[in-house]
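A.B. asks: With the sequence up front, the predicted model follows.
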Amino acid sequence: MPTLAARYARFLLAMIVTAMTLLPGICAATPSDFLVRNDDICDSQRNMCIRGTLVYQPDSRIMSLYGRVTGSPGPGWVKILFRGNWRGNLASSIMEFPIRGVYSEIVDFRYIPDNPAVRHWRILSVSFEPDEAAAEAARNR
């Protein structure tokens, strides 16, 4: 029967081996910037709101919005204006997508901003333009 010290040494060795196995995968994960994390994204009058997460992944340059519509006067186009800065130069980009305007509608939209050099973005404004044709565009999205 192994002693307590021998069992403890084996346990520590197993923990070290496990950590060394998992560490490269954790370190290789793509960095991301959460612009909004499980919070409301609303237009200035708060007529249209989406509760969700907006994340930018600089390595793939993909901006992703996952959430649900929590309020909307009806179908329309959501426009989110972003501002970024790279070496003192300002850049802006617009994410635009249609919604049906139905409560709890799922929003799952991916977008690649125009300027590839900008690695950090922030939301400058959110606007909503009512449009009945957006309902059809949202269904086909």
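C.D. replies: Yep, it's here.
A.B. asks: where in this protein is pLDDT low?
C.D. replies: Applying pLDDT under 70 to the chain flags residues 1-2, 8-9, 11-32.
A.B. asks: Outline the domain layout of it.
C.D. replies: 1-30, 33-139 (automatic domain parsing).
A.B. asks: which of those domains is buried the deepest?
C.D. replies: Counting by mean count of other C-beta atoms under 10 Å, domain 33-139 has the highest mean neighbour count of the domains of the chain, with a mean of 16. From N, CA and C alone the C-beta is placed, and that goes for glycine too.
A.B. asks: Now do the end-to-end distance for that domain.
C.D. replies: End-to-end distance for domain 33-139: 29 Å, by C-alpha to C-alpha, to the nearest Å.
A.B. asks: so residue 7, which of the three states?
C.D. replies: Following DSSP: H, G, I helix; E, B strand; the rest coil, residue 7 is assigned to helix.
A.B. asks: Kindly apply the preceding question to residue 137 instead.
C.D. replies: helix.
A.B. asks: Dig out what the residue most central in space within the chain forms beta bridges with.
C.D. replies: For the chain, the residue nearest the mean C-alpha position is residue 55 (2.2 Å; C-alpha atoms, centre = their mean). On the basis of DSSP bridges, residue 55 is bridged to residue 34, residue 64.
A.B. asks: Verify the stated contact: it with residue 63.
C.D. replies: Yes. With contact defined as C-beta atoms under 8 Å, residue 55 reaches residue 63; the gap is 7.3 Å.
A.B. asks: where exactly do the helices run in this structure?
C.D. replies: Per DSSP state H, the chain carries helices over the ranges 4-27, 133-139.
A.B. asks: Other residues contacting the shortest one?
C.D. replies: When contacts are defined by C-beta atoms under 8 Å, 6 or more residues apart in numbering, helix 133-139 is touched by residues 75-77, 97-101, 105.
A.B. asks: anything in contact with each of residue 55 and residue 63?
C.D. replies: Common neighbours of residue 55 and residue 63 (criterion: C-beta under 8 Å, 6+ apart): residue 35.
A.B. asks: that older thread, show me the contacts for the residue nearest to the centre of the chain.
C.D. replies: 32-35, 37, 63-64.
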